[in-house]
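> Quick one, structure for this:
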Amino acid sequence: MAAEYNRKLAVEYARKWALSANPKFYHFGGIGGDCTNFISQCLLAGGGVMNYDPINGWFYNSVASRSPSWTGVGQLMTFLLRNRQTKGPYGKIVSLNDIEEGDIIQLRQNPTHFNHSVIVTKILGRKIFVCAHTNDAKDKPLDEYFFLEAMPIHIIGIKN
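The predicted structure is shown next:
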């Protein structure tokens, strides 16, 4: 059964915690970056149901008990795009023109792999604004980021 993704709650969470860390979650800034951890928190705030599959799931209990998709850029992309039959959020790739507030964008800033995740928090005309962690940003214009490729992922819903 699918539930609606609450974009408003995800965006509110992103804006609240964009420039600081929620103490309920470990901050991975000093050990590889906190961007995808932050995005997972935003997805959870939008109604995300955790998926406790130890290999293919999406969950966080503690720094030592979490899925690779909770904190890994590529792993989150894979989870969101393949998750059709199990619990948790799911999405599809869209164009930047079709992105909505509460959707996520993954950026490839190097030649080999996607390495940064941001959440769309505002759209004014054709200008997209995002919140992010690692280099903390609140409502930062997407066009101020350097990237070789953007992967916009529209969150379709939540499987419960």
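> ok, now how distant is the closest residue in space to Phe28 that isn't next to it in sequence from Phe114?
Of all residues not flanking Phe28 in the chain, Asp34 sits nearest, at 4.5 Å (C-beta to C-beta, 6 or more residues apart in numbering). For every residue, glycine as well, the C-beta is placed using N, CA and C. Distance of Asp34 to Phe114, given as C-beta to C-beta, to the nearest Å: 16 Å.
> again with Asn135
Counting by C-beta to C-beta, the gap from Asn135 to Phe114 is 16 Å.
> Of the two, which one has the most company?
In this view Asn135 and Phe114 are compared by other C-beta atoms under 10 Å, and Phe114 has more residues nearby, 22 against 12.
> Could I get the phi/psi values of the more buried one?
phi -70, psi 140 (degrees, to the nearest 10).
> Surely it touches Met77?
Yes - using C-beta atoms under 8 Å, Phe114 is in contact with Met77, at 6.5 Å.
> what's the burial count for the residue nearest to Phe28?
23.
> Same check on Gln109?
Count around Gln109 with other C-beta under 10 Å applied: 13.
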